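Q: Sequence and predicted structure are below.
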Number of protein chains: 2
Amino acid sequence: MWTKPHPYFYLYIYLVKDDAMKFEAATIKDIAKALGVSTSTVSRALRDSHEISPETKQLVIECAERLNYKPNPIALSLKEKRSRSIGLVVTEIANNFFSQIINGIESIAYDKGYNVIITQTFESYDREVMDVQFLASRGVDGLIISLSTETHDLSHLKALHDRGLPIVFFDRITDEINTHKVIVDNYKGSFEATEHLLQMGAKRIAVISSSEFLSITKDRVAGYKEALKMHGMEPTDELIHYSYYSGMVFSEVEEIINKLFTLKHKPDAILTTSDKITTGVLKTLKRRGIRIPDDVALAGFSNTDIPELLDPPLTIVQQPSREMGEAAVSLLLQMIESKRPIRDFEKRMLSPELQIRASSVVKKKAGKKPSGK
Amino acid sequence: MWTKPHPYFYLYIYLVKDDAMKFEAATIKDIAKALGVSTSTVSRALRDSHEISPETKQLVIECAERLNYKPNPIALSLKEKRSRSIGLVVTEIANNFFSQIINGIESIAYDKGYNVIITQTFESYDREVMDVQFLASRGVDGLIISLSTETHDLSHLKALHDRGLPIVFFDRITDEINTHKVIVDNYKGSFEATEHLLQMGAKRIAVISSSEFLSITKDRVAGYKEALKMHGMEPTDELIHYSYYSGMVFSEVEEIINKLFTLKHKPDAILTTSDKITTGVLKTLKRRGIRIPDDVALAGFSNTDIPELLDPPLTIVQQPSREMGEAAVSLLLQMIESKRPIRDFEKRMLSPELQIRASSVVKKKAGKKPSGK
DNA sequence: GTTGAAAATGGTAACGATTGCGTAAATAAA
DNA sequence: TTTATTTACGCAATCGTTACCATTTTCAAC
């Protein structure tokens, strides 16, 4: 029996709705109800199935637009066991190399209807494991990862790989898991940079690299050594140093510089093999009043967008980071969308670019070496 | 009737599994089946409900660990209408200001069990709308956003706000939507920078700012103007310029510099109000051979981590970006987790820091102004 | 020995979407 | 007219989880 509601009734409804409503998008059910058809019909109409009459389709599509219907990706993920999202694990976003990688990945992923979930490890193994497990539990369809410096045990990734999750490694890769990999020619990059320093007349080139356990470190140091040998010099351990946290911990870099500059024979050039190490060295040298390139020449791997604004302008080995991201995501999507499991994997190697600037170009003063061309 | 399978049978099974298996995590059903109980019991046991006997709980928990059970967040999202994830919209990741913001946000979000989905607009309105709708459809529980320069119409955000989606604005905010906001004291930042330039003896300070439609631009230019007035100078339009894409389009900056340096009375100092503009101006000035600070002093908003490595070392107004991120996410989580709708919103204003370096410190040569302490 | 309440567990319907199967009506072939 | 075949749609299961509503068992009180 109907009784006129108390005036507060309306207010109450309003409050309750305001609180509970949170966020209600139109569903397939709403369309079905509005049109007096079943949800299956709506679903099929929207997917343009042949078993729905043109008129019904028309009706459904119009109604969907009217209600601003958007399929619910969460429901789809649950049903289809695919999320159309891919996971990305990088060291840190606040590093141009990685943010450019991200841009490369996203540009392609978005085009293909995938979204990218980005996580950072800050070089921590624990964070990496957490990140990877988080992404897996979120149901990503694939994973793109550059290993953290602390990662020596790969079981967290092997488990996923064994279960069939597509994975692509880039930058810091591993031999222990057989899948697609994307890197630059690290050997070539440091070979050329070293050779350049030699041509500038350097006699004692020190190298400061990332953790010696990282794949990139091995290649980059190898390139350095080979360049020395090719020019008749023997690499010495006292000039080869490793920064375990890749320059992320500034004191590591400072200590290495301290060591180098208390040597009897000080270096006359330094090759650095990662972004943070490069800027860390530059900072330390400036603080100590060591002149570049007069006292020591400097060249290093870096993807900064302002190498020419530094003092001195920096000679860098630049990685085609955007292209690397594009390559990585292309390979990953190829794996994800392939029907048959892939057995042949590719290690795609891109070319770094040596950009020569003042930090390595020694003005000929006491220089007695003609230094080629 | 059983017949011995053909030898290939096993191989076939293997292939099919290999192909289809993709990725099968243990579910609550597996536990239920293994233990011969119902899924409801398992669910309750895992959530430590009082209506499950201690022995059963024990059994379930052990089994869950044995099977490495992890609740499926996707199923949970669907059921609970919350995803424990928050959406972030920034201009671009490859900008220290934003990557530091991200770190601030993530540090707190992860602690509280939320994950962050990052999207970039690259200053494009269309991208912003896409990003926001993508995040909404992904069922984020809340949104943190810094508006793109092209965004004049806010209906995409108003719609979500009206539906009750918690939103926090930071950096580039708007008055049109009533919610929490986090900014730095932009007025103060540029006031102090301008005052500093004045104290260094500058007579004609130009300002190059972002789009004049952005909230930050208004405040920053206002601070600049007020500082001039306080020191008895009248702002002139010929010294006030706007880069619509905030320095993202380099030619904009070049043109502005061109204009400024073809004036009859050239500026003797420049204040830049965003990261990209600051480095863009530095680059342009260097290319044109204009000496800093001798020909023109330079100070600008920037969050670069290497201001002291630039040539010259850069005077910057630095924003406490990490803290801004932390503040934004704290406010957002507070909104998300509040039972009652929030009616009182906060505009939290943090203090920027003026770091003085050589780019603005004019060596007293022809300088006749004592310029105080 | 009923009756009652409490304790422990099961069944089932959601959440939003897809899909195989069933089936009514309409048309075509016999 | 009868039998196939097509067309166009509905029903119900499914994905993993939770929550409401039974139902069963246990044990105590009368």
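A: Good, I have the coordinates.
Q: Spell out the residue ranges of the helices in the stretch 251-373 of chain A.
A: In the stretch 251-373 of chain A, the helices defined using DSSP state H, counting those that start in this stretch lie at A:275-287, A:321-337.
Q: Which elements pack onto the shortest one?
A: Contacts of helix A:275-287 with other secondary structure elements, assessed using 3 or more Cβ pairs under 8 Å, 6 or more residues apart in numbering or on different chains; DSSP states H and E, are made with strand A:205-209, helix A:250-260, strand A:269-272, strand A:297-301. C-beta coordinates here come from the backbone N, C-alpha and C atoms, glycine included.
Q: mind checking which of these is nearest DNA strand C?
A: strand A:297-301 (46.3 Å; Cβ to the nearest atom of the strand).
Q: what secondary structure does the residue of the stretch 151-300 of chain A found nearest DNA strand C sit in?
A: The nearest approach of the stretch 151-300 of chain A to DNA strand C comes at residue A:164, 20.1 Å away (Cβ to the nearest atom of the strand). Three-state call for residue A:164 (DSSP: H, G, I helix; E, B strand; the rest coil): coil.
Q: confidence score at it?
A: Note for residue A:164: predicted pLDDT of 88.
Q: before we move on, what about residue A:104?
A: pLDDT, residue A:104: 97.
Q: What is the host helix or strand of it packed up against?
A: Secondary structure from DSSP states H and E places residue A:104 in helix A:96-111. When contacts are defined as 3+ Cβ pairs under 8 Å, 6+ apart, helix A:96-111 packs onto strand A:85-90, strand A:115-120, helix A:321-337.
Q: Mean pLDDT lowest where, among those?
A: Lowest mean pLDDT within the helices and strands packed on helix A:96-111: strand A:115-120, a mean of 92.
Q: Neighbouring strands of that strand in the sheet, and parallel or not?
A: Partner strands and pairing direction for strand A:115-120 (DSSP bridges) are strand A:85-90 (parallel).
Q: now what about the strand it pairs with, what contacts it?
A: For strand A:85-90, the external contacting residues (Cβ atoms under 8 Å, 6 or more residues apart in numbering or on different chains) are A:98, A:101-102, A:105, A:109, A:114-121, A:128, A:131-132, A:135-136, A:138-146, A:329, A:332-333, A:336.
Q: Could you check how far that strand is from the centre of its chain?
A: From the chain centre to the centre of strand A:85-90 is a distance of 8 Å (Cα atoms, centre = their mean, to the nearest Å).
Q: check which helix or strand covers the residue lying closest to residue A:48 once chain neighbours are set aside.
A: Closest residue to residue A:48 apart from its sequence neighbours, by Cβ to Cβ, 6 or more residues apart in numbering or on different chains: residue A:57 at 7.0 Å. Element membership for residue A:57, per DSSP H and E: helix A:54-66.
Q: what packs against the helix or strand that that helix is followed by?
A: Using DSSP H and E, the helix or strand that follows helix A:54-66 towards the C-terminus is helix A:73-80. On a contact count with 3+ Cβ pairs under 8 Å, 6+ apart, helix A:73-80 meets helix B:73-80.
Q: Need the residues that contact the helix it packs on.
A: Contacts for helix B:73-80 (Cβ under 8 Å, 6+ apart): A:72, A:74, A:75, A:77, A:78, A:83, A:137, A:138, A:139, B:83, B:84, B:139.
Q: and chain A, what are its domains?
A: For chain A, automatic domain parsing gives the domain ranges A:8-71, A:82-184+A:321-349, A:186-320+A:354-360.
Q: Next, format the ones you listed as JSON lines and append mean neighbour count.
A: Formatted as JSON lines, the domains of chain A follow (neighbours: other Cβ atoms under 10 Å in any protein chain shown):
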{"stretch": "domain A:8-71", "mean neighbour count": "14"}
{"stretch": "domain A:82-184+A:321-349", "mean neighbour count": "20"}
{"stretch": "domain A:186-320+A:354-360", "mean neighbour count": "20"}
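Q: mind listing what residue A:240 touches?
A: Taking Cβ under 8 Å, 6+ apart as the test, what residue A:240 contacts is A:206, A:207, A:209, A:221, A:224.
Q: Show me what the second one is bridged to.
A: Yep, that's residue A:207 we're talking about. residue A:240, residue A:271.
Q: just for the stretch 1-150 of chain A, where's the confidence low?
A: A:1-23 (pLDDT under 70).
Q: At the contact with chain B, which residues of it appear?
A: Selection of the stretch 1-150 of chain A residues close to chain B by Cβ under 8 Å from any Cβ of the partner chain yields A:18-19, A:21-25, A:70-75, A:77-78, A:81, A:83, A:92-94, A:96, A:99-100, A:102-103, A:106, A:115, A:117-118, A:120, A:133-134, A:136-139.
Q: Return the residues of the stretch 251-373 of chain A in contact with chain B.
A: Counting by Cβ under 8 Å from any Cβ, the stretch 251-373 of chain A sits next to chain B at A:279, A:282-283, A:286, A:305-306, A:308-313, A:339-341.
Q: Tell me the one of those residues nearest residue A:351?
A: residue A:305 (19.3 Å; Cβ to Cβ).
Q: got a pLDDT number for that closest one?
A: Residue A:305 is given a pLDDT of 93.
Q: Identify the residues contacting residue A:213.
A: Each residue near residue A:213 by Cβ under 8 Å, 6+ apart is listed here: A:149, A:152.
Q: Spell out which helix or strand contains it, please.
A: Going by DSSP H and E, residue A:213 is not in any helix or strand.
Q: and it, how far is that from residue A:150?
A: 9 Å (Cβ to Cβ, to the nearest Å).
Q: ditto for residue A:188
A: Distance, residue A:188 to residue A:150, using Cβ to Cβ: 27 Å.
Q: Kindly report the same for residue A:90.
A: With Cβ to Cβ as the criterion, residue A:90 and residue A:150 are 14 Å apart.
Q: Any idea which of the helices of the stretch 251-373 of chain A gets closest to residue A:361?
A: Nearest to residue A:361, of the helices of the stretch 251-373 of chain A and by Cβ to Cβ, is helix A:275-287 at 15.5 Å.
Q: okay, the angle between that closest one and helix A:250-260?
A: Per axes from the mean of the first three to the mean of the last three Cα atoms, to 10 degrees, the angle that helix A:275-287 makes with helix A:250-260 is 60 degrees.
Q: can you list the residues that contact helix A:275-287?
A: A:95-97, A:208-210, A:243, A:246-248, A:250, A:253-254, A:257, A:270, A:272, A:292, A:296, A:298, A:300-304, A:310-311, A:314, A:316, A:359, B:305-306, B:308-309.
Q: Report the closest residue of the stretch 101-250 of chain A relative to DNA strand C.
A: residue A:139 (12.8 Å).
Q: how about that residue, what does it touch?
A: A:77, A:81, A:82, A:83, A:85, B:23, B:72, B:73, B:74.
Q: try 6 Å this time
A: A:77, A:83, B:74 (Cβ atoms under 6 Å, 6 or more residues apart in numbering or on different chains).
Q: Include distance to DNA strand C when you put the residues you listed into a markdown table, please.
A: Shown next, in a markdown table, are those (distance: Cβ to the nearest atom of the strand, whole Å):
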| residue | distance to DNA strand C |
| --- | --- |
| A:77 | 8 |
| A:83 | 13 |
| B:74 | 9 |
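Q: Closest one to residue A:182 out of these, please.
A: Nearest to residue A:182 among the contacts of residue A:139, with distances taken as Cβ to Cβ, is residue A:83, at 22.6 Å.
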